[in-house]
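>>> Quick check, what structure comes out for this input:
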Amino acid sequence: MLLHCIKYLKGTLDLGLQYTKGKTKDYGEDFVIYGFADASFAPPGDRKSISGYAIYVNGNLVYWGTKKQRCITESSMSSEIIALGECTHRIMTVRNVVKALGLRHRKVIIFEDNQPCIKVANNRKISHSRRSVDICIKYIRELVLQKGELGISYINTADNVSDILTKTTGMQVFHKLRPWLMTDANLSSLHEKLMINYIGRNNPEQHFLQLCQSINLEPLE
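All right, here's what the predicted structure looks like:
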């Protein structure tokens, strides 16, 4: 394993994180904070699931993590909830830093590829028998439903960049997601599309104005 890592480092000396400004020019002066969360359910060994998350500000990666979950979960939905809770905690910390600096920001969004997990986060009537999972649910739900500070949106697994942080992937998936984690130009266009789709589902009027702005169409008085 060590030899493999050394060979990889030698072969990727030209790679590095890229940070640029203005990747979200269509949002004016508002900062755009969003993240991706995923979990690898019950991998071989001790069967403790692996959480992965990546957090971006204005299209630039600012926080990421891979962590083995403390408890064994009984379903993929439960493991995804825990991963989503960890991502939520980190992304709200980033949001608080942006806010403390006196900078304006759009509503924080986390993209998740597990539909049941998203439904649980948006349903007040659902709870979980395991305390650790239920705490995550209540924490996320408070930010989503009560405070309105967080949005959870579905993303296809193939486009979920945090998938690379939860398990060993095949070469094709790895080569697709790696540059996205490095925040190259192709990723910014994907993120822009995701944000517009989220706005369209949750605020049709704002979505229409966003489309007008993207094609430089001025409204008539």
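>>> what about the helices in the protein?
2-11, 76-100, 115-121, 131-141, 171-181, 185-202, 204-214 (DSSP state H).
>>> what sits against the residue nearest to the spatial centre of the chain?
By CA atoms, centre = their mean, the chain has its centre lying nearest to residue 36, at 1.6 Å. Residue 36 makes contact with 53, 54, 87, 110, 111, 112, 155, 160, 161, 162, according to CB atoms under 8 Å, 6 or more residues apart in numbering. Where C-beta positions appear, they are placed from N, C-alpha and C, glycine not excepted.
>>> neighbours around the closest residue to it other than its chain neighbours, how many?
Take residue 36 and drop its neighbours on the chain: the residue closest to it by CB to CB, 6 or more residues apart in numbering is residue 162, 4.1 Å away. Neighbour count of residue 162, defined by other CB atoms under 10 Å: 28.
>>> ok so, going back, quick one: the contacts of residue 36 as a markdown table, columns for distance to residue 120 too.
Converted to a markdown table, the contacts of residue 36 look like this (distance: CB to CB, whole Å):
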| residue | distance to residue 120 |
| --- | --- |
| 53 | 18 |
| 54 | 22 |
| 87 | 15 |
| 110 | 14 |
| 111 | 16 |
| 112 | 11 |
| 155 | 17 |
| 160 | 18 |
| 161 | 23 |
| 162 | 19 |
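>>> Low-confidence bits of this protein, can you list those?
Low-confidence segments of the chain, defined by pLDDT under 70: 22-28, 184-221.
>>> tell me the contacts of the closest residue to residue 103 other than its chain neighbours?
Once flanking residues are discounted, residue 103 sits nearest to residue 31: 5.4 Å by CB to CB, 6+ apart. Residue 31 sits next to 57, 58, 98, 103, 104, 105, 106 when contact means CB under 8 Å, 6+ apart.
>>> The fifth one: neighbouring residues, count only.
If I follow you right, that is residue 104. 11.
>>> if I look at it, how far off is residue 31?
7 Å (CB to CB, to the nearest Å).
>>> ok, and what's touching stretch 124-132?
Contacts of stretch 124-132 (CB under 8 Å, 6+ apart): 70-71, 73-74, 78, 81-82, 119-120, 134, 137, 141, 145.
>>> got the buried residues for it?
residue 128 (16 or more other CB atoms under 10 Å).
>>> Kindly check the end-to-end length of that stretch for me.
End-to-end distance for stretch 124-132, by CA to CA, to the nearest Å: 17 Å.
>>> again with stretch 62-81
Stretch 62-81: ends 22 Å apart by CA to CA.
>>> For residue 101, see how far away the nearest residue to residue 167 once chain neighbours are set aside is.
Of all residues beyond its chain neighbours, the one nearest residue 167 is residue 40 (4.2 Å), with distances taken as CB to CB, 6+ apart. To residue 101, residue 40 is 35 Å away according to CB to CB.
>>> okay, those two: which has more neighbours?
Taking neighbours as other CB under 10 Å, residue 40 and residue 101 compare with residue 40 leading, 22 against 8.
>>> Would you list the phi and psi of residue 16?
Per-residue torsions, residue 16: phi -170, psi 160 (degrees, to the nearest 10).
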